[in-house]
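My questions are about this predicted structure, shown below with the sequence.
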Amino acid sequence: MTAAMWTRSAMAYRTSFVLMTVGNLAATGMDFVVIALMFRHTGSLGGWGLREVAFLYGTAGLAMGLADLLVGSIDKLGERIRLGTLDVVLVRPAPALAQMAADRFALRRIGRPLQASAVLVWALAGLHVDWTWDRVLLLPVMAVCGTVIFASLFVAGSCLQFWAADAAEVQNTVTYGGATLLQYPPTVFARELVAGTVFGVPLAFVNWLPALHVLGRPDPLHLPEAFRFASPAAAALAAAAAGLLWRAGLRSYRGTGS
């Protein structure tokens, strides 16, 4: 209901909504313009061609954009804690996490996943891939699991604000920074960093590992083949961890009346 209310509010000023959505789309599109300009001066990036990098860009941007659209508003948690308005959320007969995700729901954020989807379609149209059934199936799995992983990182990062109200930038480093990281091939980064996205923050399961199978690329870490299909397990673990952190944060919270 809250998300619907904010959507109706935005659509009451359709011209403003359209302009803000187009502006959001154009702003995120500049990231890919930078990548395309790189390829004006080089034939490959870490051994990956432009269409392959565009595939990474599209899958990362789509997952990040959908997660931002669905739960991005949760980064206002610290502000609510400072103002003492989180108590209002907690006394309502609805899950606090759902309320926070729907608070100030901004449909204009649809610009990022739309722009990423356009780049992804362009990349797929020019890639020479042997489209077996498992490769085809991995595409929707990457979108769904990547969205869940980024949404879990949004929630987990926001939980830091229960203990440090100004920790929103730490969350942004992992979410927005992680999305930017995944736009580039893993071969341009140090092996230790790539390993950290597999065994630490599970960003590699958003697109790097499944993309290796889709594009027929070798694994720079020489991991078992099963890791390329482990995105659902990684998403489930990330969601469970985020849920535990959220409940721990709520238990530690002391309202304005306490």
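Right, received. Where do you want to start?

Next one: Gly111, what pLDDT does it get?
Gly111 is assigned a predicted lDDT (pLDDT) of 79.

Tell me how far it lies from Gly72.
Applying CB to CB, to the nearest Å, the value for Gly111 to Gly72 is 13 Å. Where you see a C-beta, it was placed from the backbone N, CA and C, and this is true even at glycine.

Likewise for Leu37?
28 Å.

So the two - more neighbours on which side?
Neighbour comparison, Leu37 and Gly72: the larger count goes to Gly72, with 23 against 9 (by other CB atoms under 10 Å).

Can you verify my assumption that that one contacts Phe154?
Yes. The pair Gly72 / Phe154 is scored as a contact, 6.5 Å apart, by CB atoms under 8 Å.

Give the burial count for Ala36, as a bare number.
14.

in what helix or strand does it lie?
helix 14-38 (DSSP states H and E).

list the contacts for Ala238?
Neighbouring residues of Ala238 by CB atoms under 8 Å, 6 or more residues apart in numbering: 148-149, 152-153, 156, 202.

Which one of those residues sits in the busiest neighbourhood?
Among these, Ile149 has the most neighbours (other CB under 10 Å), with 28 neighbours.

Show me what whichever strand or helix holds that one is packed up against.
Element membership of Ile149, judged by DSSP H and E, is helix 133-159. Judged by 3 or more CB pairs under 8 Å, 6 or more residues apart in numbering; DSSP states H and E, helix 133-159 is in contact with helix 50-71, helix 168-182, helix 208-215, helix 231-252.

Pick the most deeply packed of those helices.
Most buried of the helices and strands packed on helix 133-159, by mean neighbour count (mean count of other CB atoms under 10 Å): helix 50-71, with a mean of 24.

residues of the helix holding Ile149 that come out buried?
Buried residues in helix 133-159, defined by neighbour count with 16 or more other CB atoms under 10 Å: 138-139, 142-143, 145-159.

Could you list the low-confidence segments of the stretch 101-250 of the chain?
In the prediction, the stretch 101-250 of the chain carries residues with pLDDT under 70 at positions 104-108, 165-168.

so which pair among the contacts of Ala238 is furthest apart in space?
Using CB to CB, the two most remote members of the contacts of Ala238 are Val148 and Ala156, lying 12.1 Å apart.

Could I get the contacting residues of the closest residue to Ala234 other than its chain neighbours?
Spatial nearest neighbour of Ala234, chain neighbours left out: Phe205 (3.8 Å); criterion: CB to CB, 6 or more residues apart in numbering. Applying CB under 8 Å, 6+ apart to Phe205 gives the contacts 145-146, 149, 198, 230-231, 234-235.
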